[in-house]
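Asks: curious how this folds, go ahead:
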Amino acid sequence: MNDKISCLINHLQHIGIPVTNISVSEAFYKNLGFKNVMRSAFTEDGATGTCIMMKNKDVIIELYQLPAPGLLEISSRKDGHIDHITFDVDDIDVAFAALKDASFHIMENEPVFLSFWERGCRYFNILGPDGERLEFNQIL
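Replies: Next up is the predicted model:
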């Protein structure tokens with residue numbers, strides 16, 4: 001165990017799930033007691049998608065609908081699909097440096113800014129041994 005890295009993670013921040021119809025998924029999660037606490041557009045390959053964060057107590061689920069070209073892959077799946085698991089960190093730059101120094105496979109060249117939440121957030125992803133994405137995220 002790497003104590004330098006394990007102390008960076010505060011808690012599970014959210015789980016990201018791609019969906020084919022953001023409105024249908026939002027209604028489904030509302031029926032489970034979740035409420036929409038954030039909505040934002042994002043750009044993927046030059047087109048606009050939609051992301052919402054659904055929260056129930058301390059559990060946050062990110063639902064996102066890719067722009068039309070990306071929907072075919074998701075809609076052809078028979079089982080559900082969890083895209084990534086996200087860990088909350090206090091300082092994204094410290095976390096990035098620590099994981100880079102520890103030779104983890106980091107997917108981005110540097111932390112990425114998104115205009116999510118009130119003041120935005122910064123994140124980066126690492127790949128696990130089976131290709132799973134683990135995101136490290138700091139809400140600003």
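Asks: list the residues that contact residue 38.
Replies: Going by C-beta atoms under 8 Å, 6 or more residues apart in numbering, residue 38 touches 51-53, 116-117. Where C-beta positions appear, they are placed from N, C-alpha and C, glycine not excepted.
Asks: could you rerun that using 6 Å?
Replies: The contact partners of residue 38, by C-beta atoms under 6 Å, 6 or more residues apart in numbering, come to 53, 117.
Asks: that one falls within a strand, correct?
Replies: Yes. According to DSSP: H, G, I helix; E, B strand; the rest coil, residue 38 belongs to a strand.
Asks: any idea how far it lies from residue 6?
Replies: Per C-beta to C-beta, to the nearest Å, residue 38 is found 28 Å from residue 6.
Asks: helices and strands of this structure: which one bottoms out on pLDDT?
Replies: helix 68-75 (a mean of 55; mean pLDDT, DSSP states H and E).
Asks: any idea which helix or strand comes after that one?
Replies: Using DSSP states H and E, the helix or strand that follows helix 68-75 towards the C-terminus is strand 84-89.
Asks: what secondary structure does the residue positioned nearest the centre of the chain sit in?
Replies: Nearest to the mean C-alpha position of the chain, counting by C-alpha atoms, centre = their mean, stands residue 16 at 4.7 Å. With three-state DSSP as the basis, residue 16 sits in strand.
Asks: ok, now how distant is it from residue 123?
Replies: 11 Å.
Asks: before we move on, what about residue 23?
Replies: From residue 23 to residue 123 the distance is 25 Å (C-beta to C-beta).
Asks: which one's more surrounded, those two?
Replies: residue 123 (23 against 11; other C-beta atoms under 10 Å).
Asks: show me the contacts for that one.
Replies: Counted by C-beta under 6 Å, 6+ apart, residue 123 has contacts 112, 135, 137.
Asks: ok, of those, which come out buried?
Replies: Among the contacts of residue 123, those buried by neighbour count (16 or more other C-beta atoms under 10 Å) are 135, 137.
Asks: closest to residue 86 among the contacts of residue 123?
Replies: For those, the closest approach to residue 86 (C-beta to C-beta) belongs to residue 135, at 4.1 Å.
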